[in-house]
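Novice: requesting a structural model of the entry that follows:
(chains A, B, C and D)
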Protein chains: 2
Amino acid sequence: MGEHKPKRADARRNEKALLDAAAAVFVASGVDAPVRDIAAKAGVGVGTIYRHFPTRADLVIAVFRHQVDACTEAGPALLAANDSPYAALAQWIDLFVDFLVTKHGLAGALQSDNAGFESLHAYFLDRLVPVCAELLDAAAAAGEIQAEVAPLDLMRGVGNLCIGADDPRYDARRMVKVLVAGLRCGTMDA
Amino acid sequence: MGEHKPKRADARRNEKALLDAAAAVFVASGVDAPVRDIAAKAGVGVGTIYRHFPTRADLVIAVFRHQVDACTEAGPALLAANDSPYAALAQWIDLFVDFLVTKHGLAGALQSDNAGFESLHAYFLDRLVPVCAELLDAAAAAGEIQAEVAPLDLMRGVGNLCIGADDPRYDARRMVKVLVAGLRCGTMDA
DNA sequence: TAACGATACGGAACCTTGTTCCGCTTAGCA
DNA sequence: TGCTAAGCGGAACAAGGTTCCGTATCGTTA
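Specialist: Next up is the predicted model:
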């Protein structure tokens, strides 16, 4: 059930290149970007994509799993690199938003593959909730935040604020910043 | 600003044929059915479709407006044709469900054209809520229903019951029937 | 009624996308 | 160094939307 490394070195290299290229292209052109564009960006032929990822949807899923993993690992790293746990939390939320903004095209891109989307979402929650909890606890322990918020609530809240983030009239990131700032000063007025 | 009839008789005939054919094909094969299939069903060439509806999305929107109109007109007609207003309501809900089941593919089919979807939804509410109200009032006046339910609530309720109606394990129509039956006997127990 | 111009029609051709296929290349090993 | 199977590139195919244009038809006018 563990990670079974593919055989050849160049194959492994290409797989990573593809994941990186796809992530970049998705950010630049959206999740609907043509497979050919991704192949070009990675400097490989389309055939190579299809050997690693049987279908377009599989590639998309793989990229997002990859992002979830990165986000997971970033939590402890940020905590170690910052004196202030609150700062770490804020930076982590920032990464999380990067991820969400692109993630919102997902449901559409995976229209047929509903099962794939569900399992991805489950994976997403399984891995990210504990990280968020850790950051939240650390900030609370350091006395840097007043409001008591459950990790899942915070993640949902941020997620919901990011809905419609592609509308240029709506600055989702701004609203998230406000929400995160709100953690510092309890829910009482004045 | 009113309805401006197209010029030629055959053009008008074809437009109607297209609307009917598209509705039939959408029911049979879903909203993603190829334009060619619709043209074939209507017995016209694809070019004809594109003269009447500049884009695939426009055709889809036109079909659904057409359905909304049909549903709107069916309300008073059913009321007139039935002795029991409740029976009329039940039959109307049936038509409404037909419409909803296919409507749920819409958001996906119009992915790019979000504005089109929004305005369609507004049109949908504007026209259907009054009809639903009329049926509900008539049934209440005849003493055939006990529960007091707002038209919009009923429509949303039915709409929500129809979510996931394409899943063969879930019989949405059955649940709607139960809900409608529930109108007859108030919300108290026994 | 015959002729004529505008209007509408059909469907082949085109473009973009996902996916498959297969001859060539190259990593890894003896 | 040579062998072989894993990998690779990209042309070719399939499917869908959209465009184009020669032909047919409508509706009017002489």
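
Novice: can you count the residues close to the single nearest residue of chain A relative to DNA strand D?
Specialist: At 1.9 Å from DNA strand D, residue A:47 is the closest residue in chain A, using C-beta to the nearest atom of the strand. Backbone N, C-alpha and C define where each C-beta goes, glycine included. Neighbour count for residue A:47, taken as other C-beta atoms under 10 Å in any protein chain shown: 8.

Novice: what about it, distance to residue A:53?
Specialist: In this structure, residue A:47 and residue A:53 are 12 Å apart, going by C-beta to C-beta, to the nearest Å.

Novice: likewise for residue A:35?
Specialist: The value you get for residue A:35 to residue A:53, if C-beta to C-beta is used, is 9 Å.

Novice: name the residues contacting each of those two.
Specialist: Common contact partners of residue A:35 and residue A:53 (C-beta atoms under 8 Å, 6 or more residues apart in numbering or on different chains): residue A:59.

Novice: have a look at the two and say which one is more surrounded.
Specialist: Neighbours per residue, other C-beta under 10 Å: of residue A:35 and residue A:53, the larger number sits with residue A:53, 20 against 16.

Novice: just to check, that one is in contact with residue A:66?
Specialist: No: between residue A:53 and residue A:66 there is no contact under C-beta atoms under 8 Å: 11.9 Å.

Novice: list the buried residues in the top helix by length along chain A.
Specialist: Longest helix in chain A, counting residues (DSSP state H): helix A:114-141. For helix A:114-141, a neighbour-count test (16 or more other C-beta atoms under 10 Å in any protein chain shown) marks A:116-117, A:120, A:124, A:127-128, A:131-136, A:138-140 as buried.

Novice: ok, stretch A:171-186 next?
Specialist: A:172, A:173, A:175, A:176, A:177, A:179, A:180, A:183.

Novice: quick check: closest non-adjacent residue to the third one.
Specialist: Setting aside the residues directly before and after it, residue A:175 is nearest to residue A:161 in space (C-beta to C-beta, 6 or more residues apart in numbering or on different chains), at 4.7 Å.

Novice: and which of the buried residues of helix A:114-141 is nearest to residue B:22?
Specialist: residue A:117 (28.7 Å; C-beta to C-beta).

Novice: who's in contact with the residue lying closest to residue A:130 once chain neighbours are set aside?
Specialist: Counting by C-beta to C-beta, 6+ apart, residue A:130 lies nearest to residue A:151, which is 7.8 Å off, once chain neighbours are set aside. Contacts for residue A:151 (C-beta under 8 Å, 6+ apart) come out as A:129, A:130, A:132, A:133, A:136.

Novice: please repeat the previous calculation with a cut-off of 10 Å.
Specialist: Shown in contact with residue A:151 (C-beta atoms under 10 Å, 6 or more residues apart in numbering or on different chains): A:125, A:128, A:129, A:130, A:131, A:132, A:133, A:134, A:135, A:136, A:137.

Novice: for residue A:137, same thing?
Specialist: With C-beta under 10 Å, 6+ apart, residue A:137 has these contacts: A:85, A:151.

Novice: can you give me the helices in chain A?
Specialist: Under DSSP H, chain A gives helices at A:9-29, A:35-42, A:46-52, A:56-81, A:85-103, A:106-109, A:114-141, A:151-161, A:172-182.

Novice: could I get these as a markdown table with mean pLDDT?
Specialist: Shown next, in a markdown table, are these (pLDDT from 0 to 100):
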| stretch | mean pLDDT |
| --- | --- |
| helix A:9-29 | 94 |
| helix A:35-42 | 97 |
| helix A:46-52 | 97 |
| helix A:56-81 | 94 |
| helix A:85-103 | 89 |
| helix A:106-109 | 66 |
| helix A:114-141 | 89 |
| helix A:151-161 | 91 |
| helix A:172-182 | 91 |
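
Novice: closest to residue A:73 among the buried residues of helix A:114-141?
Specialist: For these, the residue nearest residue A:73 by C-beta to C-beta is residue A:131; the value is 8.7 Å.

Novice: from DNA strand C, how far off is the residue most central in space within chain A?
Specialist: Centroid check for chain A by C-alpha atoms, centre = their mean gives residue A:99 as the closest residue, at 3.3 Å. Between residue A:99 and DNA strand C the computed distance is 21 Å (C-beta to the nearest atom of the strand, to the nearest Å).

Novice: which ones are touching the closest residue to that residue other than its chain neighbours?
Specialist: Excluding the flanking residues, the one nearest residue A:99 by C-beta to C-beta, 6+ apart is residue A:67, at 5.1 Å. Neighbouring residues of residue A:67 by C-beta under 10 Å, 6+ apart: A:19, A:23, A:26, A:95, A:96, A:98, A:99, A:100, A:102, A:103, A:124.

Novice: for residue A:19, see how far away residue A:67 is.
Specialist: 9 Å.

Novice: ok, now residue A:68?
Specialist: 12 Å.

Novice: just to revisit the earlier point, which of the buried residues of stretch A:171-186 lies closest to DNA strand C?
Specialist: residue A:172 (26.0 Å).

Novice: burial count for the nearest residue to that closest one once chain neighbours are set aside?
Specialist: Among residues not flanking residue A:172 along the chain, residue A:165 sits closest, at 3.8 Å (C-beta to C-beta, 6+ apart). Residues lying near residue A:165 (other C-beta under 10 Å) number 18.

Novice: so residue A:165 is in contact with residue A:173, correct?
Specialist: Yes: contact criterion C-beta atoms under 10 Å: residue A:165 and residue A:173 qualify, at 7.7 Å.

Novice: quick one, what contacts the closest residue to residue A:173 other than its chain neighbours?
Specialist: If the residues on either side of it in the chain are set aside, residue A:173 comes closest to residue A:97, at 6.1 Å by C-beta to C-beta, 6+ apart. Going by C-beta under 10 Å, 6+ apart, residue A:97 touches A:158, A:159, A:161, A:162, A:165, A:172, A:173, A:176, A:177, A:180.
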